[in-house]
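> Curious how this folds, go ahead:
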Amino acid sequence: MDLVELHAVCEANYARLIRLFPNYETTNRREFLVGGAHVTVEVADRSRYTTIFRVQQLHGSDRWLGSLRMEVRAYHDAGMLEVGSFQSHRRVQPRYGYPNPKMHQQDEKAQQNRFLADWLENCLAHGRSAACVDPRA
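Okay, the predicted model is just below:
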């Protein structure tokens, strides 16, 4: 496992999330649209040094595309954000032997955090407020 790369990804993800949800300390929920998907980022738990966020993305055509569910943990003292759970996968190990009973990739945790980086970057680039959408459209 490349700890330097993992830390860099987690630090960049923290910065991205703060740009996406700057008022997380005073607001519990942020909603916006990305393409045809509705995204909700919700504060699940707050403590002095950490905040746990639940992230959900629902598509207008949900039965074809499915939905995205993640739980991410922000470590404010370290300025890092990491994936805690992804879809139905909880407590992912930093590294897996291969093959393994659940057929996880060897670097499953790193892949999830890199996916989070791409997803947050896409939200920042293409997200728009859910409030400015005409519900009759």
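> show me where the chain has strands.
Assigned by DSSP state E, the chain shows strands spanning 29-34, 37-46, 50-59, 67-75, 80-86, 89-90, 127-129.
> Comparing these, which yields the minimum mean pLDDT?
Comparing mean pLDDT over these, the weakest stretch is strand 89-90, at a mean of 68.
> Please identify the most buried of the strands of the chain.
strand 80-86 (a mean of 21; mean count of other CB atoms under 10 Å). The C-beta positions use only the backbone N, C-alpha and C, and glycine is treated the same way.
> CA-only coordinates of it in PDB, if you can.
What follows is strand 80-86, C-alpha atoms only, in PDB (Å, rounded to 0.1, in the frame of the first residue of the first chain):
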ATOM      1  CA  MET A  80      -8.400  14.200   5.500                       C
ATOM      2  CA  LEU A  81     -11.500  12.500   4.200                       C
ATOM      3  CA  GLU A  82     -11.800   8.700   3.700                       C
ATOM      4  CA  VAL A  83     -14.500   6.300   2.600                       C
ATOM      5  CA  GLY A  84     -16.000   4.300   5.500                       C
ATOM      6  CA  SER A  85     -18.500   2.300   3.600                       C
ATOM      7  CA  PHE A  86     -19.300   2.000  -0.100                       C
END
